[in-house]
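**Q** Fold the following, please.
(one chain, ligands or ions: 2)
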Amino acid sequence: MAVIGRDTPSPRRASAPSAVLLADAAVRALRAEARLSPKPGLVDHRGSGAHDDMDLPLVLASAEALRPTFREIAKAAERTAAGVELREELGALGRLGDQAMLRTTGGVNTHRGALWALGLLVAAVAGGAGHEREAARGAARLAALPDRRIPAAEPSHGERARRRYGAGGARSEAEAAFPHVTDVALPRLRQARAAGLGEEVARLDALLEVMSLLRDTCVLHRGGPAGLRVVRLGAERVLAEGGAGTGSGRAALMDLDDVLRERRLSPGGSGDLLAAALFLDMVPWPERPDRR
Ligand SMILES: CC(C)(COP(=O)(O)OP(=O)(O)OC[C@H]1O[C@@H](n2cnc3c(N)ncnc32)[C@H](O)[C@@H]1O)[C@@H](O)C(=O)NCCC(=O)NCCS
Ligand SMILES: Nc1ncnc2c1ncn2[C@@H]1O[C@H](COP(=O)(O)OP(=O)(O)OP(=O)(O)O)[C@@H](O)[C@H]1O
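**A** Ligands and ions are numbered 1, 2, ... in the order given. Here you go, the predicted model:
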């Protein structure tokens, strides 16, 4: 997706999926991530993970509450070419989506990071991206554009973790074109499927690989660098034991889950990026993924 002047019409490809379809794929990706079990430290079928303020019904309701936001984001990107005007429109829509989420959850941040990542990717696909990497690059260009309408606010948890530990967080991941989605989660997902592992195991292994590499400000905020080490080394160990589909890998996964729940460490950023990978995997691209 090229960054074009303010009023240039969007070079949307004729076959770009509709706003309704893209919103549906985004919500389905969020629901699939939430339902996937057993995820270390995250909300899933079994319970609240490292959180004491959310459970699966709440997370599923939050995903559904974001459907109109994703639809409006897609429509905005269909209408307006990528540029500062669109960036500011997406910022306003994202903030409204955040409010819709908080109204639905009674003030709990269930999907802030996910809305950011998926919102940018939905916009990039609606704006004409023809394959996964193009979508990630388009999202990156949008993320890097200035939004002059950002309201002054208290520093977020992510902001504090960034200042304290020099981690980039959700914004840097987007500006770098989601490397943990395109170079980590998606290849791992496909490798696991090709090896004949079931879909649940493939998704868990993809999540674990992201967890083993990501500098998650969600984890840093709650547990500092020591907490981040626990998450990363724990996930690495599960994979070294053979992953979620083997007996010893599953045992290591359950150990990690115990530790994360005990220490209240939530790998929320990895959950968001798995949802982003599942979204890109669901988009009906005009080209085959192995041709880029
Ligand atoms: C960039 C966002 C996520 C704010 O980030 P910030 O780090 O300041 O906030 P906060 O701590 O509340 O949330 C960050 C969340 O990102 C996720 N995350 C953390 N680390 C990472 C990482 N390395 N990579 C990806 N995601 C991560 C976690 O789930 C975490 O909870 C976003 O909410 C934002 O700025 N929105 C403004 C609206 C907007 O512009 N939207 C446009 C597209 S919809
Ligand atoms: N399955 C999941 N369970 C819980 N969180 C998830 C899941 N998947 C993704 N996340 C992400 O984790 C983040 C929630 O983390 P957290 O609760 O630490 O947020 P916070 O509001 O910054 O912190 P706190 O709850 O400590 O006040 C959300 O932004 C969400 O996108």
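**Q** So the residue lying closest to Ser15 once chain neighbours are set aside: helix, strand or coil?
**A** Once its chain neighbours are removed from consideration, Ser15 has its nearest residue in Pro286; the separation is 5.5 Å (Cβ to Cβ, 6 or more residues apart in numbering). For every residue, glycine as well, the C-beta is placed using N, CA and C. Three states are possible here, and by DSSP: H, G, I helix; E, B strand; the rest coil the one that applies to Pro286 is coil.
**Q** Would you confirm that Gly91 contacts Ile150?
**A** Yes: in this structure, Gly91 is within contact of Ile150 by Cβ atoms under 8 Å, at 6.5 Å.
**Q** These two - which one has more neighbours?
**A** Residue environment comparison for Gly91 versus Ile150 gives the larger neighbour count to Gly91, 19 against 11, counting by other Cβ atoms under 10 Å.
**Q** What is the subsequent helix or strand relative to the host helix or strand of the more buried one?
**A** Taking DSSP states H and E as the definition, Gly91 sits inside helix 84-105. Proceeding C-terminally, helix 84-105 gives way to helix 112-126 as the next helix or strand, assigned by DSSP H and E.
**Q** For ligand 2, tell me whether that following helix is touching it.
**A** Yes: Helix 112-126 comes into contact with ligand 2 (Cβ under 6 Å from any ligand atom), by way of Arg112, Gly113, Ala114.
**Q** Buried members of these into PyMOL, please.
**A** A single PyMOL command selects the buried members of those (16 or more other Cβ atoms under 10 Å):
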select buried, resi 112+113+114
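**Q** now, which of the residues of helix 112-126 next to ligand 2 lie close to ligand 1?
**A** Contacts with ligand 1 are made by Arg112, Gly113 out of these, judged by Cβ under 6 Å from any ligand atom.
**Q** I'd like the residues of helix 112-126 next to ligand 2 laid out as CSV, including pLDDT and distance to Ser15.
**A** Supplementary listing: these in CSV, determined by pLDDT from 0 to 100; distance: Cβ to Cβ, whole Å:
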residue, pLDDT, distance to Ser15
Arg112, 97, 32
Gly113, 97, 30
Ala114, 98, 26
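**Q** So which of the residues of helix 112-126 next to ligand 2 is the closest to ligand 1?
**A** Minimum distance to ligand 1 across the residues of helix 112-126 next to ligand 2 is 2.6 Å, recorded for Gly113 (Cβ to the nearest ligand atom).
**Q** Once you drop chain neighbours, what's closest to that closest one?
**A** Across the structure, with Cβ to Cβ, 6+ apart as the measure, the residue nearest Gly113 apart from its sequence neighbours is Asp272 (4.1 Å).
**Q** Where does the one you found sit: helix, strand or coil?
**A** For Asp272, the secondary-structure state derived from three-state DSSP is helix.
**Q** Specify the angle between the helix holding Gly91 and helix 112-126 in degrees.
**A** Angle, helix 84-105 to helix 112-126, by axes from the mean of the first three to the mean of the last three Cα atoms, to 10 degrees: 140 degrees.
**Q** for helix 84-105, packing partners?
**A** Contacts of helix 84-105 with other secondary structure elements, assessed using 3 or more Cβ pairs under 8 Å, 6 or more residues apart in numbering; DSSP states H and E, are made with helix 56-65, helix 67-79, helix 112-126, helix 132-144.
**Q** What residue in the chain comes nearest to ligand 1?
**A** Closest point on the chain to ligand 1, by Cβ to the nearest ligand atom, is Gly158, at 1.9 Å.
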